[in-house]
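Engineer: Here is a sequence with its predicted model. Questions after.
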Amino acid sequence: MRNIYLSIIKVVDKVGVMDLEQRREIWESFNIMTQGDVSAQMKRFRLALECIKKLETRIQENTLLDKTRKDLNVLINSIDGEIDEQACKKKLCKICDFCQTKIHETDDFLIGYFQQAIEHMIQILEEDEPLLLSEYELTKIDEELEIEETDTAYCVAILWKYLKEKASEVERKKLEKEFWLWYVQTAASIQGVPLNYISEKTDEARESDGDKRELVIESLGGFVKAINYEFKYENGQKGDKVIILNVLNMNDDDTCPICGQKGNYYGPFRGRIKLGQLKGWKVEFIIKEKYYHCMNPLCREGYVPKKKVGYKEMIANFKYLTGSSENKKKLSELFERI
């Protein structure tokens, strides 16, 4: 079983993220029972709880989330022994109710992810991990899920990455990788598997250690890159209260996301992403990218290259960037020139 965790953590160490399929593999590994072991469902709940416990160490970095700290402490302390499911559910629901109230009062996207992290724990407690159900069997990547379907670990990873308001992009990527490495090792510990993995820092990571600067937007090209480094800005246009930025997806990977086979280029494709609002303007990307047909006769799926920065993360990047007054001012000036 150690090989399962070891193979996953090596991939995470290399790419810095963990996908849905890898998390499923970890959750399913809990089905392997040993004498005197708790149920697989409770191990999956315990792993989700450990994510919340880790988040609690940094939750003071967000003023709104910090107001849940007392309830989180009570929840964590009461669950460290035997789990009283009803009492636990009651405490989790109290935190969710607080989040629901605050969602209507603020545009802080982190509140929504925090609420979903807690909601998902309730689902595990009531009916086990929903993303292991057959209805999600064909769902391979997180971007195919609505936020209401995402799991606790995915939500906490977003929070861990964005809690520090003035972190640079380099810092955020390091935080994300740090969380997922911790996640695999924690899962292995819950299953009673010694891992003791030591991450090997790459030369690229060493060179970036000194980069602690806050990202400041200087051009529309820089703005587009900050949302998704795979995109290249081409031009922009104004509509009725909307700013449309035409971008080119530089990723031309022809690998089929369903079966993994190569595909034939079929033609150009245009997609649209609604990022959010800035000073009364709706901001959208129109993405020009390649469209492929899978060459596998048993698949024949049509697809565009899988984006390394998902839809939810692009929206999160937009909210992070526009949270700076300096960036708001600069972007407003850039939009006026379109």
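Structural biologist: Looks like it arrived, so ask away.
Engineer: And the strands in the stretch 101-250 of the chain?
Structural biologist: 231-238, 242-249 (DSSP state E, counting those that start in this stretch).
Engineer: Highest mean neighbour count across these, which stretch is it?
Structural biologist: strand 242-249 (a mean of 19; mean count of other CB atoms under 10 Å). To be clear about C-beta, it is placed using only N, CA and C from the backbone, and glycine gets the same treatment.
Engineer: Distance from that one to the middle of the chain?
Structural biologist: 23 Å (CA atoms, centre = their mean, to the nearest Å).
Engineer: For the strands of the stretch 101-250 of the chain, could you give me JSON lines that also reports mean pLDDT and distance to D128?
Structural biologist: Below are these laid out as JSON lines (pLDDT from 0 to 100; distance: least, CB to CB, whole Å):
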{"stretch": "strand 231-238", "mean pLDDT": "93", "distance to D128": "39"}
{"stretch": "strand 242-249", "mean pLDDT": "95", "distance to D128": "38"}
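Engineer: could these go into a markdown table alongside distance to I198?
Structural biologist: Listed next are these as a markdown table, based on distance: least, CB to CB, whole Å:
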| stretch | distance to I198 |
| --- | --- |
| strand 231-238 | 35 |
| strand 242-249 | 36 |
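Engineer: So, low pLDDT: which residues of the stretch 51-200 of the chain?
Structural biologist: 64, 69, 71-72, 74-83, 107, 200 (pLDDT under 70).
Engineer: rerun that using 80 as the cut-off
Structural biologist: 59-85, 87, 102-109, 164-169, 196-200 (pLDDT under 80).
Engineer: hey, where'd the helices end up in it?
Structural biologist: Remark: helices assigned in the stretch 51-200 of the chain by DSSP state H, counting those that start in this stretch are 63-66, 69-79, 85-103, 109-127, 152-162, 169-190.
Engineer: ok, now the stretch 201-338 of the chain?
Structural biologist: 203-208, 220-227, 311-321, 325-336.
Engineer: Make TSV from the helices of the stretch 51-200 of the chain and add mean neighbour count and distance to V38 to it.
Structural biologist: As requested, these are exported to TSV (neighbours: other CB atoms under 10 Å; distance: least, CB to CB, whole Å):
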stretch	mean neighbour count	distance to V38
helix 63-66	16	29
helix 69-79	15	13
helix 85-103	15	13
helix 109-127	21	13
helix 152-162	24	18
helix 169-190	19	9
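Engineer: can you list these in a markdown table and add distance to Y320?
Structural biologist: Below are those laid out as a markdown table (distance: least, CB to CB, whole Å):
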| stretch | distance to Y320 |
| --- | --- |
| helix 63-66 | 15 |
| helix 69-79 | 23 |
| helix 85-103 | 18 |
| helix 109-127 | 9 |
| helix 152-162 | 6 |
| helix 169-190 | 8 |
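Engineer: Please save the CA atoms from stretch 28-38 in CSV.
Structural biologist: Extracted C-alpha coordinates of stretch 28-38, given in CSV (Å, rounded to 0.1, in the frame of the first residue of the first chain):
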residue,chain,number,x,y,z
GLU,A,28,-10.4,4.2,-1.9
SER,A,29,-7.1,3.0,-0.2
PHE,A,30,-8.9,3.5,3.1
ASN,A,31,-11.2,0.5,2.1
ILE,A,32,-8.2,-1.8,2.9
MET,A,33,-8.9,-2.6,6.6
THR,A,34,-6.7,-3.9,9.3
GLN,A,35,-7.7,-5.5,12.6
GLY,A,36,-9.2,-3.1,15.1
ASP,A,37,-9.3,-0.4,12.3
VAL,A,38,-12.1,2.2,12.2
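Engineer: Mind checking the pLDDT average for that stretch?
Structural biologist: Across stretch 28-38, pLDDT averages out at 79.
Engineer: mind checking how far that stretch is from the chain centre?
Structural biologist: So, by CA atoms, centre = their mean, the centroid of stretch 28-38 is 28 Å from its chain's centroid.
Engineer: for stretch 41-51, same thing?
Structural biologist: Per CA atoms, centre = their mean, the centroid offset for stretch 41-51 relative to its chain is 18 Å.
Engineer: Could you do stretch 308-319 as well?
Structural biologist: So, by CA atoms, centre = their mean, the centroid of stretch 308-319 is 9 Å from its chain's centroid.
Engineer: And for stretch 151-170?
Structural biologist: Going by CA atoms, centre = their mean, where stretch 151-170 is centred and where its chain is centred differ by 8 Å.
Engineer: same check, this time on stretch 322-333
Structural biologist: Counting by CA atoms, centre = their mean, stretch 322-333 comes out at 24 Å from the chain centroid.
Engineer: wait, isn't W27 in contact with P130?
Structural biologist: No: taking contacts as CB atoms under 8 Å, W27 lies outside contact range of P130: 10.7 Å.
Engineer: Give me the more crowded residue out of these two.
Structural biologist: Ranked by neighbour count (other CB atoms under 10 Å), W27 and P130 place W27 first, with 23 against 14.
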